[in-house]
Structures are given as structure tokens and as C-alpha cells.
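# the sequence isn't on hand, but the structure is:
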């Protein structure tokens with residue numbers, strides 16, 4: 001689905017702050033509220049997966065975040081996938097390539113909790129390889145298409 005510039009601007013407003021009122025978006029974009037409402041419903045039916053809240057986990061006492069790459073034997077892939085999907089400390093889970101099977105973003109209160117969890121995974125699911133990247137600081141998160149002022153600049157540079 002190819003979006004027009006005005007539609008991209010609306011979408012970027014939704015991405016920037018999903019709780020912003022449609023009236024406020026209408027004032028900024030000069031698009032009627034009814035049109036914005038219709039577009040939002042259309043997007044929800046076609047490509048908006050869900051509206052969500054980003055949380056600062058450290059302020060809730062979860063001081064350890066890590067992205068963990070895992071490679072497991074073929075016979076353990078589905079079982080590990082199902083386990084990770086249901087585990088409370090897994091924030092995001094991705095199937096990946098280049099020698100790994102999964103990338104899991106995990107959130108724990110302490111490093112020891114994560115290390116104990118990873119040790120259990122290695123034993124129970126026969127993890128063949130793992131690489132852990134601890135998240136030190138969020139510099140930018142969920143920002144793609146969230147800046148209405150940049151949407152109109154999204155043109156190919158001219159060669160000349």
C-alpha cells in the first residue's frame with residue numbers, strides 16, 4: 001500500500017503520540033476530524049498492528065535490558081520459540097538469520113536474573129550459541145515515521 005504525503009503526515013502524528021486527540025491533529029494538519037477518524041479506522045483494518053505504550057522499565061525497577069541472539073538445534077526451535085513467546089521477561093522476539101535463530105529483547109530486574117535465565121535456556125533447550133548485548137541507553141526508539149515535519153522531505157535527492 002503506497003501512502004500519499006498527507007496520509008503519511010497523519011500516520012506520523014499517530015506514531016508520535018497515539019493518545020493525541022483527533023481534533024488536535026486536525027488543527028495541525030488542517031484535515032477534517034471526520035477524515036482523520038476514517039483514515040485511522042482504515043489503517044487499523046489494514047496495517048496498524050496495535051496502539052501501545054512505551055515504558056521506561058528502569059523506573060519500575062527493571063534495571064537490566066539485553067538483546068540476546070540465540071542459536072538452537074533444529075529439534076528445539078519450536079519449543080524454545082513457544083517458551084520465549086510466553087515468558088514474562090521477553091519484551092520482543094524476532095526470528096533472524098546469519099547463524100542465529102532468534103533475537104530476544106529481554107527485561108530483568110538484575111543482571112544475575114538474566115544470567116540465571118540464560119543458563120537455564122542453555123541447559124534445557126540445548127542452546128548452541130548465544131550473544132548478549134546489554135542495552136546501556138535508549139538513544140532512539142520507535143521513531144520511524146513519527147516526525148510529521150520530516151514526511152514531506154522524504155523525496156529522492158536529485159542527481160545533478
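All right, it came through fine. Given the structure is predicted, the values throughout are model-derived calculations rather than measurements.

# point to the residue nearest the middle of this protein.
For the chain, the residue nearest the mean C-alpha position is residue 142 (6.3 Å; CA atoms, centre = their mean).

# can you name the residues in contact with the worst-scoring helix or strand of the chain on mean pLDDT?
Of all the helices and strands that make up the chain, helix 148-151 has the lowest average by mean pLDDT, DSSP states H and E, namely a mean of 84. The set of residues external to helix 148-151 that reach it, using CB atoms under 8 Å, 6 or more residues apart in numbering, is 5, 8, 9, 12, 13, 16, 28, 29, 145. In this view, the C-beta of every residue, glycine as well, is placed from N, C-alpha and C.

# one more: stretch 121-130?
When contacts are defined by CB under 8 Å, 6+ apart, stretch 121-130 is touched by residues 68-73, 76, 79-80, 83, 99-100, 118.

# any idea how far apart the tips of it sit?
Counting by CA to CA, to the nearest Å, you get 10 Å between the two ends of stretch 121-130.

# swap in stretch 104-117?
With CA to CA as the measure, the ends of stretch 104-117 fall 13 Å from one another.

# before we move on, back to that, so which of the contacts of helix 148-151 wins on neighbours?
Greatest neighbour count in these, by other CB atoms under 10 Å, goes to residue 13: 23 neighbours.

# three-state assignment of that one?
With DSSP: H, G, I helix; E, B strand; the rest coil as the basis, the three-state label of residue 13 is helix.

# just how off-centre is the least confident helix or strand of the chain within its chain?
A distance of 20 Å separates the C-alpha centroid of helix 148-151 from that of its chain, computed with CA atoms, centre = their mean, to the nearest Å.

# same check, this time on stretch 132-140
If you compare the mean C-alpha spot of stretch 132-140 with that of the full chain, they lie 14 Å apart, counting by CA atoms, centre = their mean.
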